[in-house]
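>>> predicted model and sequence below, questions to follow.
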Amino acid sequence: MPQLRDEPFSPEVLSSETVYRGAVWPILEDRVRYGEGEIVRQYIAHPGAVAVVAMDDAGRVLLIQQYRHPIRERDWELPAGLLDVVGEDPADAGRRELAEEADLVASRWELLGAIHSTPGSNSELIHVYLATGLSAADETFAREDEEADIRLAWVPLAEAADAVTEGRMRNGILAYGVLAAERRLRGA
């Protein structure tokens, strides 16, 4: 059996137009030659993101909870953020986000992988890192909007994985990060 993996595919884009420009990202409409015909697709042109599985020496992961308006919930997440600084390395963005959202720094960083969040509706690619060797950041950050009331929780990795597989935490980035970290630490 061949190795299971996603494969690049680049049909001819006949036209591409920005149909809406939001405060954070635009929505594009592409007309694409596909098979014997053409298809039209609209999607969010996303700059990408980074997420961090921050794990302390006791094997606990840092989870943050904040309000997310589209789902009308305060969901549990990993510290994360956009790759919105032009040319910024994803690992550097992860360091920035961990400091900004949790006032932490890490001495060891390991890439767990990269995932597409919702490839049917946006182009986001999220780089997910495992950060260990944690300590307090030299400075703290002022948080605004939804980030102003972020709740932090240190949770044993196995408990976080159970909450994901039992459907109690449904954030896709958190699910990938927690399960990938658990598997990596098991040596699988």
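That came through, no problem.

>>> buried residues in the top helix by length along the chain?
Longest helix of the chain, by residue count under DSSP state H: helix 172-186. Neighbour-count burial for helix 172-186 flags 173-182 (criterion: 16 or more other C-beta atoms under 10 Å). Where you see a C-beta, it was placed from the backbone N, CA and C, and this is true even at glycine.

>>> and what of stretch 83-100?
Here stretch 83-100 shows 83, 88, 90-91, 93-95, 97-100 as buried, counting by 16+ other C-beta under 10 Å.

>>> for stretch 149-158, same thing?
150, 155, 157.

>>> from the buried residues of stretch 83-100, which land in helices?
90-91, 93-95, 97-100.

>>> who is Gly37 paired with across the strands?
Tyr34 (DSSP bridges).

>>> burial count for it?
Residues within reach of Gly37, counting by other C-beta atoms under 10 Å, total 7.

>>> go on, Ala51?
27.

>>> circling back to that earlier point, which one among the ones in helices among the buried residues of stretch 83-100 gets closest to Ala54?
Set against Ala54, the nearest of those by C-beta to C-beta is Leu98 (6.0 Å).

>>> just the pLDDT at the closest one, thanks.
The model reports Leu98 with a pLDDT of 95.

>>> assess the claim that it and Ala54 are in contact.
Yes. The criterion here is C-beta atoms under 8 Å, and Leu98 meets it with Ala54 at 6.0 Å.

>>> list residues touching both of these two?
79, 104, 106, 131 (C-beta atoms under 8 Å, 6 or more residues apart in numbering).

>>> how much space separates the residue lying farthest from the centre of the chain from Glu12?
Largest separation from the mean C-alpha position in the chain: Glu36, at 35.9 Å (C-alpha atoms, centre = their mean). The spacing between Glu36 and Glu12, counted by C-beta to C-beta, to the nearest Å, is 13 Å.

>>> and what of Pro47?
Counting by C-beta to C-beta - Pro47 and Glu12 are separated by 24 Å.

>>> what about these two, which has more around it?
Pro47 (15 against 9).
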